[in-house]
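J.: Curious how this folds, go ahead:
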Amino acid sequence: MTRSCPAGTPNGPFAALAEHLVCLRRAARLTQRALAEAASISRGTVQRAESGAAAPSPAVLDAYLRACRASAPDKTRARLLRNRGRTALRGRLRSLDAPKPALIHTEDDLGAALAAVYERAGAPSLRELSRLVPHRPPLPPTTAWRIVHRMGLPASLEQLVTFLTACGVRPAEQRLYAEAYSLFTAVRGVRVTPTPPPRLTHYTDKISPRFRNLLDFLPALDVEAALTIGLTHAVAQHLRRNGAALPAGVDAISFSSRLLFDDESLIPSSEIFQRRYPPELAAPARIPALRTTRPLVDSIQASPSWTEHLAR
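T.: Now for the predicted structure:
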């Protein structure tokens, strides 16, 4: 340990740390300039660390301690003084009113205790928590934020241990936190996965298997033409029953469909078709081609009012 040095730093949260760093530098017989060169930091950074006005970053503090060839106890004390200064500067520890680990009885008590652990550790950066314990499973920054702000508990026992280890809690002391956490999660039970909403019926589900198999053998253009003609007749009948005017394009499509269905060389009637080509014997070569033209399909798609009439 270093010998005591007269306090020459101003009063403040980091006064004790500044005094400790000055003692370490003098024990190493280094000037501020020499220490800055050995630690690969600027002399201004050394002066700020020894002034007590603010806490040096963890990286700067480690470089300072290495340059001074500080012993393990001196390093531990320096980090402890930095954490105490950060805790005093933030001023949140008293308002948490956190119980001791052995007196945790509710989830709120555990949340306050974990937030207090974070404050006593000097409130390190949330992204640094996982880097402080690289051998542990990572702790997402969003989860860490919820813990330190008492918005939630760790998602698993592994995350709890990672959080406590990063905050400097010894394994023997982690047992009480882990027991309380396990008790609360057991009482809470397993979260029930909500039942997904029923899947909307797709239009193909409304087609009987017999016609669905038939459509699989037809070219896409023929399927589109058949649907165009069928929808044309369905919409026209619906509008006639309601006394509404027919949209543009009905006459052209109806005329084309009459030519198409009246010609036996193009497609037979439904009864003849089912008798000649039953579904169980249907084959691609036995399905007669539905000869149509692209203008027949385009005529219905060119009328934007079709879908509006069909939705009525």
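
J.: Show me where the stretch 201-312 of the chain dips below the pLDDT cut-off.
T.: Scanning the stretch 201-312 of the chain for pLDDT under 70 picks out 201-207, 210-212, 217, 238-312.

J.: Just give the closest residue to P137, not the sequence neighbours.
T.: Distances taken as Cβ to Cβ, 6 or more residues apart in numbering put E158 closest to P137, at 4.8 Å, once the chain neighbours are dropped. (C-beta placed from N, C-alpha, C; glycine too.)

J.: any idea which element that neighbour lies in?
T.: helix 157-166 (DSSP states H and E).

J.: Could you do R29 as well?
T.: Using DSSP H and E, no helix or strand contains R29.

J.: next one: Y177
T.: Per DSSP H and E: helix 171-188 holds Y177.

J.: quick one: contacts of the helix or strand containing L114?
T.: Using DSSP H and E, the element containing L114 is helix 107-120. Residues from elsewhere that reach helix 107-120 (Cβ atoms under 8 Å, 6 or more residues apart in numbering): 83, 87, 90, 92-93, 96-101, 103-104, 124, 147-150, 152-153, 163-164, 167-169, 177, 180-181, 184.

J.: Over to stretch 124-142?
T.: By Cβ under 8 Å, 6+ apart, stretch 124-142 touches 58, 118, 144-145, 148, 154, 158-159, 161-163, 165-167.

J.: most surrounded residue in the residues you listed?
T.: F163 (27 neighbours; other Cβ atoms under 10 Å).

J.: Next up, the contacts around that one.
T.: So F163 contacts L114, V117, Y118, L129, L139, A144, I147, P154 (Cβ under 8 Å, 6+ apart).

J.: cool, S42 as well?
T.: So S42 contacts A36 (Cβ under 8 Å, 6+ apart).

J.: Model confidence for it, exactly?
T.: Per-residue pLDDT puts S42 at 93.

J.: Distance-wise, check it relative to T165.
T.: Here the distance between S42 and T165 works out to 33 Å (Cβ to Cβ, to the nearest Å).

J.: May I ask which helix or strand encompasses E19?
T.: Using DSSP H and E, E19 falls in helix 15-27.

J.: Repeat that for L227.
T.: Going by DSSP H and E, L227 is part of helix 220-241.

J.: for that helix, packing partners?
T.: Helices and strands in packing contact with helix 220-241 are listed as helix 250-262, helix 294-301, helix 305-311; criterion 3 or more Cβ pairs under 8 Å, 6 or more residues apart in numbering; DSSP states H and E.

J.: Could you report the neighbour count for P134?
T.: Other residues close to P134 by other Cβ under 10 Å number 7.

J.: how about it, secondary structure?
T.: coil (DSSP: H, G, I helix; E, B strand; the rest coil).
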